[in-house]
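Novice: Structure of the sequence below:
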Amino acid sequence: MSEHHGYSEEDVQREVTELEAQSATAARIFDLRRIIGGLFVVYGVIVTIAGINPSDATLDKAEGININLWTGLGMLLLGIFFLAWLKLRPTPPPTPPAPTTSTAEDEQPR
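Specialist: Sure, this is the predicted structure:
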């Protein structure tokens, strides 16, 4: 076991493992599918609620089509798609780099 600056190899390995775990957690939290899906679901709910009981003026502007209802439902479906995609295909954890083994040739001065 070698000591470098007061840290053992086990301490360094433990620190590297903790940093990799934190990195994987951050990657899952800030996955764009989660952010995009969440925003589309929230906005879809708001627009769908606005389209449930439209006024006559709103329907006249859209030539009789309840555009808020249809747009809200479309946004909801898109948001649910992104969240389902995230659930079915989660971000894989990063693979640690392969440890390098040194040979006697590598350690000899040239």
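
Novice: switch to C-alpha atoms for all contacts and neighbour counts from now on
Specialist: Fine.

Novice: What's the local residue count around Gly37?
Specialist: Using other Cα atoms under 10 Å, the number of residues around Gly37 comes to 22.

Novice: any idea how far it lies from Phe30?
Specialist: Gly37 sits 12 Å away from Phe30, taking Cα to Cα, to the nearest Å as the criterion.

Novice: Please apply the same query to Phe81.
Specialist: From Phe81 to Phe30 the distance is 17 Å (Cα to Cα).

Novice: out of the two, which sits in the more crowded spot?
Specialist: For the pair Phe81 and Phe30, the greater number of neighbours falls to Phe81 (16 against 10), based on other Cα under 10 Å.

Novice: Which of the helices or strands spans the more buried one?
Specialist: Assessed by DSSP states H and E, Phe81 sits inside helix 67-88.

Novice: which residue ranges form the strands in the chain?
Specialist: Along the chain, the stretches classed as strands by DSSP state E are 3-4, 7-8.

Novice: Tell me the buried residues in the helix holding Phe81?
Specialist: Using 16 or more other Cα atoms under 10 Å as the test for burial, helix 67-88 gives 67-83, 86.

Novice: likewise stretch 40-52?
Specialist: Applying 16+ other Cα under 10 Å to stretch 40-52 flags Phe40, Val41, Tyr43, Gly44, Val45, Ile46, Val47, Thr48, Ala50, Gly51 as buried.

Novice: Test my guess that the second one contacts Gly79.
Specialist: Right, the one you point to is Val41. Yes. Here Val41 lies in contact with Gly79, judged by Cα atoms under 8 Å, at a distance of 4.8 Å.

Novice: list residues touching both of these two?
Specialist: Counting by Cα atoms under 8 Å, 6 or more residues apart in numbering, Val41 and Gly79 have no contacts in common.
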